[in-house]
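1. Kindly return the folded structure for what I paste below:
(one chain, ligands or ions: 1)
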Amino acid sequence: MYHVPHLSTGDLLRDHVNHGTELGLKAKPIMDRGELVPDDIVLGIVEERIGRPDCAKGFLLDGFPRTMPQAQRLDEILRKRHFRKPVAVNFRVDHDVLVRRVAGRRVCSVGGEIYNVHDLPNGQDGRCLVDGGTLVQRSDDRAEVVLDRLAAFERQTRPLIEYYRSTGDLEEVDGSASVEEVGKKLLEILAEHSVDGHRA
Ligand code: AMP
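-> Here you go, the predicted model:
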């Protein structure tokens, strides 16, 4: 197993929104519309987080980078901090499957565990199995916002696939497979690229 922090820019931004910080107040309406938060805000959060001691041996970035300027700045940050080149993993999922998964996602209001209404364990009554919290839908997981998020992906994030292919750092995973299969594939990729934990 890899004992490296999981840095989800979406989670970090939602923390700011939930705590009502200035940054969170700025980001919330943008996130609710399914658009991307400006690069300077996201890069500020990521750079600060990567600089903490728990990231010294590597880290897993989730939902970042999402634009070319973010990818280029990430390269600079990694170079400056003497990390090796990153491995970018593109999870390919059919449009219909993706919309169904995202619109069906529910999150525990207490601990943040993630479920899906299409895949709840037998007899589960809509509460979290870990702590009994109520399951809620993220405001940007509503079907109408999901389509805008996908449009933002096409416009701003898809070019990164070519970018990481051209630098030789791209790995592709069939994201339509089961959670177990996708997880196994991801671990194989990490094992292949990991050298004493110093690959981001
Ligand atoms: P996620 O939890 O990754 O689905 O992100 C939720 C929302 O947070 C996105 O729709 C964006 O509004 C914002 N967000 C997360 N990561 C980024 C990023 N790298 N760049 C810009 N906006 C982001």
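
2. Nearest residue to the residue of the chain found nearest the ligand in space, please, no chain neighbours.
-> Residue nearest to the ligand within the chain (Cβ to the nearest ligand atom): G10, separated by 1.9 Å. To be clear about C-beta, it is placed using only N, CA and C from the backbone, and glycine gets the same treatment. What sits nearest to G10 in space, not counting adjacent residues and going by Cβ to Cβ, 6 or more residues apart in numbering, is G63, at 4.8 Å.

3. how many other residues sit next to the one you found?
-> 14 (other Cβ atoms under 10 Å).

4. What of P86?
-> When neighbours are defined as other Cβ under 10 Å, P86 has 20 of them.

5. I'd guessed it sits against L78; true?
-> Yes: using Cβ atoms under 8 Å as the test, P86 is close enough to L78 to be in contact (6.4 Å).

6. Tell me the pLDDT of G197.
-> The model reports G197 with a pLDDT of 46.

7. and P29, which of the three is it?
-> When classified by DSSP: H, G, I helix; E, B strand; the rest coil, P29 comes out as helix.

8. Quickly note the distance from the residue nearest to G10 to S176.
-> 19 Å (Cβ to Cβ, to the nearest Å).

9. same thing with V145?
-> 22 Å.

10. Neighbour count: the two, which is higher?
-> With neighbours defined as other Cβ under 10 Å, V145 and S176 compare such that V145 has more, 19 against 14.

11. Next to the ligand, which bits of this structure? Give me the list.
-> Residues of the chain lying close to the ligand (Cβ under 6 Å from any ligand atom) are 9-10, 13, 30-31, 34-37, 42, 63-66, 70, 140, 149.
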